[in-house]
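[1] what's the 3D shape of this:
(chains A and B)
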Amino acid sequence: MTSEAQAAVAAAFQEEWGQIVATLIGATGDWDLAEECAQDAFAQALERWPRDGIPSRAGAWLTTVARNRATDRLRREAIGAAKLRQAVRLAPTEPPGDDDAAVSGVRDDRLRLMFTCCHPALALEAQVALTLRTLAGLTTAEIARAFLVPEATMSKRLVRAKQKIRHAGIPYRVPPAHLLPERTAGVLSVLYLLFNEGYAATAGADLVREGLCAEAIRLARVLVRLLPDEPEASGLLALMLLHDARRVTRVDGAGVLVPLERQDRSRWDAREIGEGVELLDRALRLGHAGPYQLQAAIAACHASAADAADTDWAEIAALYGRLVQLVPSPVVELNRAVAVAMADGPTAGLALLETLEASGALAGYHLLPATRADLLRRLGRGAEAAAAYRDALALAATEAERRYLRQRLRETAARS
Amino acid sequence: MRYMLLICGDSETAASSAADGSIMAGCAAWTEEMRRRGVLRAVEGLRPPSDATTVRVRGDQVLLTDGPFAETKEQIGGYCLIECADLDEAIEVASKHPWAKVGMLEVRPVGQP
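    As a prediction, the model looks like this:
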């Protein structure tokens, strides 16, 4: 029973933390109070659920406990009329029943919290930290570890962000229609950044960092539920799922990066791929294919190919062509060159790559010489390929990448 | 909430914009619009920093410096005090100011430090 109750509390934490904090911020306007009372509610659950049994509506139980706690504290601390009014506003706990209204109210609060955490008047790193703390319930220590900064630094960052929200009057609301598109894009980019931090961490094998992928997916699911008509939200969730499905196959037992074409496809997560593709199809039917949907469509081409040779490179090259029009970025250009090389041959890819190199936009980026090396190798120009691999090795930042490049360099040298 | 809009930019841009009648006309139109909306509490332009005197008191000595408090290229050329519902409205008001297109506006909430 005890372990069952503990598991229930842990599950409730993942499901309900963000909602409870969001509801309390909505009612009190006090972010610290909201976090502390949410924490108290979970502490009480750990104490009482093993003894009294797991409540049938865990979220409602926790919210009520947290609310009562906030009311108590505000009453005790009430020094002025304003605080008392807040306490009164908190007091009436809604009668249970009317489930949908209660749920939609709660959901709105969580959406308000997301938009407030990702307000563009906050620095991006503060947006990310606030999102993880208030919506995902990570501790300051965990967030600090995930972003490789000292805990004191992260703590200061969170305090500063919350102070700015209060003192600068950043509103706690879903933005009005004329601001919604750009603000939604801001929320999406924070979630994508979270996911990428976790995804890049695989080689480091740090569980907290890897956990960022799961948190990002969980938050994206919430967002998709709250904004069902926003195809880019669904597109982002699809993109995350399609990447996450291949996560375990990206690095081998020795920690060497495994390129897509050599990954063991039987170990890809078919359920995640299925869900991702379905989400993407539904999003694309809305007829506004944005950057996340296009990237998800590219990931879907890879994920649904039976083997590397079966990959529809012409389709992928076309998708990159559309993507580069929406997001004129040199990294997207680089990926397009790779896809074109696969669809039309290395010479065509190399021509695009040379244009990109001439622009100087990616100077210092190891994947530029690494890509060049791969194309030269496929053209049988071994000596030039080896030189390019050496250039890439000098620029690669992580050990997993360097290991992969060294292996490729050895193969090239052995053949030429 | 009240916010101070600090109108910032480098002195050269400020001088050339002062000579450009369309920006000055834009400022007048903005002032008129914001007054009508009821958000504008005060608005003033400032003489260039070369006319500034900086005052410090150290011990019982009043120390004066000819020029602005910070020798930077970017200087404050004027201010507007506005009253808005929240930061989003303040940002909207600031972004409509014609100076935002040539220089920049700093939006500072009014309150105790």
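
[2] mind listing the strands for the chain?
    Reading this off chain A. Taking DSSP state E as the criterion, chain A carries no strands.

[3] Switch to chain B, please.
    For chain B, applying DSSP E gives strands covering B:2-10, B:40-45, B:53-58, B:61-66, B:74-83, B:104-109.

[4] Contact residues of the stretch 51-200 of chain A facing chain B?
    A:119, A:121, A:167-171, A:175, A:179 (Cβ under 8 Å from any Cβ of the partner chain). No exception for glycine: its C-beta is placed from N, CA and C like everyone else's.

[5] Now rank those by neighbours and give me the top one.
    A:His119 (24 neighbours; other Cβ atoms under 10 Å in any protein chain shown).

[6] Now for the closest residue to that one other than its chain neighbours: which residues touch it?
    Counting by Cβ to Cβ, 6 or more residues apart in numbering or on different chains, the nearest residue to A:His119 once its immediate chain neighbours are dropped is A:Ile170, at 5.0 Å. Shown in contact with A:Ile170 (Cβ atoms under 8 Å, 6 or more residues apart in numbering or on different chains): A:116, A:119, A:121-122, A:164, B:86-88.

[7] Quick one: find the helix or strand in chain A with the lowest mean pLDDT.
    Across the helices and strands of chain A, the lowest-confidence element by mean pLDDT, DSSP states H and E is helix A:81-90, at a mean of 63.

[8] Quick one: low-confidence residue ranges for chain B.
    Along chain B, no part satisfies pLDDT under 70.

[9] got the residues of it near chain A?
    So chain B meets chain A at B:1, B:3, B:84-88, B:90-91, B:107, B:109, B:111 (Cβ under 8 Å from any Cβ).

[10] how about a cut-off of 7 Å?
    B:1, B:86-88, B:109, B:111 (Cβ under 7 Å from any Cβ of the partner chain).

[11] from these, which ones fall inside helices?
    If you go by DSSP state H, the residues of chain B next to chain A have B:87-88 in helices.

[12] Are any of the residues of chain B next to chain A buried, and if so which?
    By neighbour count, with 16 or more other Cβ atoms under 10 Å in any protein chain shown, the residues of chain B next to chain A hold B:1, B:87-88, B:109 as buried.

[13] for these, which one is nearest A:Leu260?
    B:Asp88 (43.0 Å; Cβ to Cβ).

[14] Look up the closest residue to that closest one, ignoring the ones flanking it.
    Nearest residue to B:Asp88, sequence neighbours excluded (Cβ to Cβ, 6+ apart): A:Pro171, at 5.6 Å.

[15] List the contacts of that neighbour.
    By Cβ atoms under 7 Å, 6 or more residues apart in numbering or on different chains, the contact list for A:Pro171 reads B:86-88.

[16] A:Gly26 now?
    Applying Cβ under 7 Å, 6+ apart, the residues near A:Gly26 are A:109, A:112, A:172.

[17] Please identify, among those residues, the one with the most neighbours.
    Counting by other Cβ under 10 Å, top hit in the contacts of A:Gly26: A:Asp109 with 22 neighbours.

[18] how far away is B:Ser11 from A:Tyr199?
    Applying Cβ to Cβ, to the nearest Å, the value for B:Ser11 to A:Tyr199 is 47 Å.

[19] the more surrounded of those two?
    Each of B:Ser11 and A:Tyr199 has its neighbours counted (other Cβ under 10 Å); A:Tyr199 has more, 20 against 15.

[20] where does the stretch 301-416 of chain A dip in pLDDT?
    Looking at the stretch 301-416 of chain A by pLDDT under 70, you get A:415-416.

[21] And the residue of it that's closest to chain B?
    Taking Cβ to the nearest Cβ as the measure, the stretch 301-416 of chain A has A:Pro328 as its residue closest to chain B, at 23.4 Å.

[22] measure stretch A:361-371 end to end?
    Start-to-end span of stretch A:361-371 (Cα to Cα, to the nearest Å) is 15 Å.

[23] Tell me which residues of it come out buried.
    Buried residues in stretch A:361-371, counted by 16+ other Cβ under 10 Å: A:362, A:365-371.

[24] Which members of those residues occur in helices, if any?
    In helices, judged by DSSP H, the following of the buried residues of stretch A:361-371 are found: A:367-371.

[25] Was I right to think A:Glu16 contacts A:Leu62?
    Yes. With contact defined as Cβ atoms under 7 Å, A:Glu16 reaches A:Leu62; the gap is 5.5 Å.

[26] Looking at the contacts of A:Ile170, which one is closest to A:Leu33?
    Nearest to A:Leu33 out of these is A:Thr116 (Cβ to Cβ; 15.6 Å).

[27] Contacts only, for the residue lying closest to that closest one once chain neighbours are set aside.
    Computed as Cβ to Cβ, 6+ apart, the closest residue to A:Thr116 that is not its neighbour in sequence is A:Tyr172, at 5.1 Å. A:Tyr172 sits next to A:25-26, A:112, A:116 when contact means Cβ under 7 Å, 6+ apart.

[28] now swap in A:Leu191 and tell me
    A:216, A:219-220, A:236.

[29] is it possible to export those to CSV including pLDDT?
    Formatted as CSV, the contacts of A:Leu191 follow (pLDDT from 0 to 100):
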residue, pLDDT
A:Ala216, 94
A:Leu219, 93
A:Ala220, 96
A:Leu236, 98
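
[30] Are any of these buried, and if so which?
    A:216, A:219-220, A:236.

[31] And for stretch A:283-294, what's in contact with it?
    A:188, A:231-232, A:234-236, A:238-239, A:280, A:319, A:322-323, A:326-327.

[32] rerun at 6 Å
    With Cβ atoms under 6 Å, 6 or more residues apart in numbering or on different chains as the test, stretch A:283-294 has contacts from A:231-232, A:234-236, A:239, A:319, A:322-323, A:326-327.

[33] okay, the residues you listed in CSV with distance to A:Thr71 next?
    Shown next, in CSV, are the contacts of stretch A:283-294 (distance: Cβ to Cβ, whole Å):
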residue, distance to A:Thr71
A:Pro231, 41
A:Glu232, 39
A:Ser234, 38
A:Gly235, 41
A:Leu236, 38
A:Leu239, 42
A:Leu319, 53
A:Arg322, 54
A:Leu323, 51
A:Leu326, 49
A:Val327, 48
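
[34] Filter those down to the ones in helices?
    Per DSSP H, the subset of those in helices is A:231-232, A:234-236, A:239, A:319, A:322-323, A:326.

[35] which non-adjacent residue is nearest A:Leu409?
    Leaving aside its sequence neighbours, A:Leu409 sits nearest to A:Tyr389 (Cβ to Cβ, 6+ apart; 4.1 Å).

[36] Could you pull up the residues touching the one you found?
    With contacts defined as Cβ under 6 Å, 6+ apart, the neighbours of A:Tyr389 are A:373, A:405, A:408-409.

[37] For those, which single residue is the most surrounded?
    Neighbour max across the contacts of A:Tyr389 (other Cβ under 10 Å) = A:Ala373, 25 neighbours.

[38] Hmm, that residue is touching A:Ala385, no?
    Yes. With contact defined as Cβ atoms under 6 Å, A:Ala373 reaches A:Ala385; the gap is 4.8 Å.
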